[in-house]
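>>> predicted structure and sequence below. I'll ask about it afterward.
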Amino acid sequence: MADDNQNQISSRSSRTYDVVIFGASGFTGKYVVREALKFLNAPNSPLKTLALAGRSPSRLSEALKWASAPNPPPKIPLLTADTSDPNSLTHIASQAKIILNCVGPFRLYGEPVVAACVESGCDYLDICGEPDFMERMEASYHDKAAEKGSLVISACGFDSIPAEMGLLFHSRQWTGPSAPNRVEAYLRLESDTKIVGNFGTYESAVLGVANADKLVELRRSRPKRARPTIPGPAPPKGSIIEHQKQLGLWGLKLPSADSIVVRRTLSTLTENPHGLTGVNESDENRKNREAFWSSAKPAHFGVKLGSKSLLGLFPFIMFGVFLGLLSKISLGRWLLLKYPSFFSAGGFRKEGPSEDEVASATFKMWFVGQGFSDSSLASQGNKKHDTEVITRVMGPEIGYLTTPIVLLQCALVALKERDNLPKGGVFTPGIVFGATDLEKRLQENGISFDFISVNSLSA
């Protein structure tokens with residue numbers, strides 16, 4: 001086993017490129033390129049070699065020029081690869097330590113890239129927020145990825161790094177014997193102009209709702225995962241809309257990928273209470289990893305979209321109604337995908353947001369946790385929460401600024417700390433990166449993690 005690990009480490013170190021960005025000319029891909037260029041050959045950066053990959057060399061060249069402006073574009077290899085050509089994907093995966101996949105919807109185009117990475121022993125990170133794809137990849141490729149030494153980690157963008165790392169940050173604020181029972185995240189999107197989403201995100205949502213039954217079937221076909229021990233009773237389902245008076249927000253319950261990814265992380269942690277063993281980790285890292293995860297305090301987790309007014313939630317409610325009614329039939333899906341701006345009240349459009357719209361947008365994600373000042377109170381039959389902790393994660397626009405930031409920082413951690421990460425397998429980002437310095441890196445790159453308050457709740 002030790003020899004196998006050493007051979008895989010040697011094979012990885014001899015690869016031509018540290019990172020290959022696949023789909024580099026797409027809406028999100030070009031922003032990922034721009035972020036990557038900040039760290040290419042920068043002091044103390046492990047990113048020394050970079051290549052861009054996609055179907056069209058001319059479009060890749062245009063994306064590189066855009067991402068480099070106002071500086072001239074650096075000489076970076078442009079590789080031709082297509083999801084319909086498995087050999088082209090194997091070719092780039094065999095040359096890369098890590099592939100960053102920006103080609104969605106992942107339900108349609110993601111699996112060939114994962115398959116090529118696993119077969120080649122290349123690490124794979126993506127910006128997917130599609131639970132069906134993520135869980136299907138885990139079911140189909142985990143064992144082989146573990147054998148081949150390929151780390152496959154989806155949801156390394158706004159879905160779901162702020163939620164995963166934000167919850168772990170929140171958990172650490174419950175000190176001593178105190179423990180959370182439930183944590184609700186309230187996401188508020190803000191902009192000086194207009195918030196406009198990526199059409200790819202919209203298309204993924206339409207296809208996700210259309211194929212929801214397949215996810216249910218997949219889960220039924222797989223063994224049940226371990227569930228964490230959480231003090232106190234499970235929270236009631238609650239209403240779809242609520243008024244969070246302390247934050248001054250109206251909250252709309254979301255069928256969020258974040259909550260699903262977090263649950264998967266907590267299941268893996270329950271099965272591995274000290275986290276995942278590194279392929280060749282140092283004794284110091286092992287001690288730090290075990291200390292980090294042994295202090296983690298799981299909680300029931302959900303996500304709500306926040307708005308300062310009830311009227312502000314109306315477009316999202318209507319979009320949800322349209323999505324539920326139309327996505328199950330082919331004509332309805334055609335209409336949804338043909339006229340995204342109409343059905344989303346301008347929230348999504350095929351051409352995406354302008355650079356000014358991207359630059360003016362920000363997000364705030366409040367984590368409101370309720371639980372017990374002493375976890376033993378729950379075991380004594382107390383059901384009433386007596387403590388509330390509030391934390392917050394803030395950052396720039398979610399799809400084109402925050403997503404590239406977190407994807408690149410995940411990649412840099414994977415490059416620098418590869419010996420301290422698992423040999424391979426299909427995992428959620430939280431369980432892989434939670435005990436690393438990812439949170440510190442995000443703080444240094446414009447995404448803040450803040451403690452807001454701790455309060456006693458009246459009986």
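Perfect, I can see it now. Residues are numbered from 1 along each chain as shown.
>>> where along the stretch 351-459 of the chain do the helices fall?
Using DSSP state H, counting those that start in this stretch, the helices of the stretch 351-459 of the chain run over 355-360, 376-379, 403-416, 429-433, 438-444.
>>> pretty sure S294 contacts L269?
No. Using Cβ atoms under 8 Å, S294 makes no contact with L269, being 10.2 Å away. Backbone N, C-alpha and C define where each C-beta goes, glycine included.
>>> with neighbour numbers in mind, choose between those two.
L269 (21 against 10; other Cβ atoms under 10 Å).
>>> which element, helix or strand, includes the more buried one?
Per DSSP states H and E, L269 falls inside helix 257-271.
>>> average model confidence for that helix?
Averaging pLDDT along helix 257-271 yields 96.
>>> so what touches that helix?
With Cβ atoms under 8 Å, 6 or more residues apart in numbering as the test, helix 257-271 has contacts from 129-131, 134-135, 155, 159-160, 163-164, 167, 185, 225-229, 275-276, 293, 296, 298, 301-303, 427-431, 434.
>>> next structured bit after it?
helix 283-294.
>>> sheet-wise, list the partners of the helix or strand following that following helix with their directions.
The C-terminal neighbour of helix 283-294 among helices and strands, as given by DSSP H and E, is strand 300-307. When pairing is defined by DSSP bridges, strand 300-307 lines up against strand 179-191 (parallel), strand 249-253 (antiparallel).
>>> helix 257-271 and strand 300-307, what's the angle between them?
160 degrees (axes from the mean of the first three to the mean of the last three Cα atoms, to 10 degrees).
>>> and the contacts of strand 300-307?
Counting by Cβ under 8 Å, 6+ apart, 163, 167, 181-188, 230, 234-235, 242, 244, 247, 249-254, 256, 258-259, 262-263, 313, 316, 364, 366 sit against strand 300-307.
>>> next, the contact list for I127, please.
28, 101-102, 104, 155-159, 403, 407.
>>> F433 too?
161, 165, 410, 413.
>>> so for it, what's the pLDDT?
Per the predicted model, pLDDT is 98 at F433.
>>> which members of the contacts of I127 occur in strands, if any?
N101 (DSSP state E).
>>> quick one on the thing from earlier: next, the buried residues of the helix holding L269.
257-269 (16 or more other Cβ atoms under 10 Å).
>>> dump that helix to CSV, restricted to CA.
C-alpha atoms of helix 257-271 as CSV (Å, rounded to 0.1, in the frame of the first residue of the first chain):
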residue,chain,number,x,y,z
ALA,A,257,-27.9,22.0,-2.8
ASP,A,258,-26.0,23.4,0.2
SER,A,259,-28.1,21.6,2.8
ILE,A,260,-27.7,18.3,0.9
VAL,A,261,-23.9,18.7,0.6
VAL,A,262,-23.7,19.6,4.3
ARG,A,263,-25.7,16.5,5.3
ARG,A,264,-23.3,14.4,3.2
THR,A,265,-20.3,15.9,4.9
LEU,A,266,-21.8,15.3,8.3
SER,A,267,-22.6,11.6,7.4
THR,A,268,-18.9,11.1,6.3
LEU,A,269,-17.8,12.7,9.5
THR,A,270,-20.0,10.4,11.5
GLU,A,271,-18.4,7.5,9.7
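>>> figure out how far that helix is from the centre of its chain.
12 Å (Cα atoms, centre = their mean, to the nearest Å).
>>> let me know the angle separating it from helix 283-294.
Put simply, helix 257-271 runs at 110 degrees to helix 283-294, going by the same axes, to 10 degrees.
>>> quick revisit: and of the helices of the stretch 351-459 of the chain, who's closest to R15?
helix 403-416 (11.2 Å; Cβ to Cβ).
>>> list of residues touching the closest one?
18-19, 28, 31-32, 34-36, 38-39, 45-47, 97-98, 100, 123, 125, 127, 151, 153, 156-158, 161-162, 395-396, 421, 429, 433, 436-438, 441-442, 445-447.
>>> in strands, which of those fall?
18-19, 97-98, 100, 123, 125, 151, 153, 395-396.
>>> what is the nearest of those residues to G200?
Scanning the ones in strands among the contacts of helix 403-416 for proximity to G200, where the rule is Cβ to Cβ, the winner is L100, at 15.2 Å.
>>> from H243, how far off is the closest one?
As judged by Cβ to Cβ, to the nearest Å, L100 and H243 stand 40 Å apart.
>>> of those two, who's got more company?
Shown here are L100 and H243; by other Cβ under 10 Å, L100 has more neighbours (28 against 11).
>>> what's the nearest residue to that one if we skip its chain neighbours?
Distances taken as Cβ to Cβ, 6 or more residues apart in numbering place I21 nearest to L100, at 4.9 Å, with adjacent residues excluded.
>>> am I right that the one you found is in contact with I98?
No. Using Cβ under 8 Å, I21 is not in contact with I98; the gap is 9.6 Å.
>>> state the number of residues packed around P273.
What P273 shows, counting by other Cβ under 10 Å, is a neighbour count of 11.
>>> ok, now which ones touch A296?
168, 171, 269, 434.
>>> next, give phi and psi for it.
phi -70, psi 140 (degrees, to the nearest 10).
>>> for the contacts of F433, which one is nearest L377?
Of those, the one sitting nearest to L377 (Cβ to Cβ) turns out to be M165, at 28.3 Å.
>>> so how far is V426 from that closest one?
In terms of Cβ to Cβ, M165 sits 19 Å off from V426.
>>> the two: who's more crowded?
Legend: neighbour count by other Cβ under 10 Å for M165 and V426, higher for V426 (25 against 21).
>>> the more buried one contacts D143, correct?
No. With contact defined as Cβ under 8 Å, V426 does not reach D143; the gap is 9.1 Å.
>>> what's the neighbour count on R225?
13.
>>> now the one 5 residues further on
Each residue near I230 was counted by other Cβ under 10 Å, and the total is 21.
>>> show me the contacts for K328.
209-210.
>>> for it, what are phi and psi?
Taking degrees, to the nearest 10 as the convention, K328 sits at phi -80, psi -10.
>>> what pLDDT does it get?
Looking at K328, the pLDDT reads 88.
>>> could you check how far it is from F433?
Separation of K328 from F433 (Cβ to Cβ) stands at 36 Å.
>>> how about E130?
20 Å.
>>> what sits against A234?
A234 sits in contact with H300, where contact means Cβ under 8 Å, 6+ apart.
>>> with G430 instead?
Contacts of G430 by Cβ under 8 Å, 6+ apart are 160, 164-165, 167-168, 261-262, 265.
>>> which of those sits closest to A210?
Using Cβ to Cβ, the contacts of G430 come closest to A210 at V261, 20.8 Å.
>>> give me the nearest residue to the closest one, chain neighbours excluded.
S160 (4.1 Å).
>>> what is the one you found paired to in the beta sheet?
Going by DSSP bridges, S160 forms beta bridges with G157.
>>> low pLDDT regions in the stretch 351-459 of the chain?
Within the stretch 351-459 of the chain, the segments meeting pLDDT under 70 span 459.
>>> swap in 90 and give it another go.
Along the stretch 351-459 of the chain, segments meeting pLDDT under 90 span 351-357, 376-383, 458-459.
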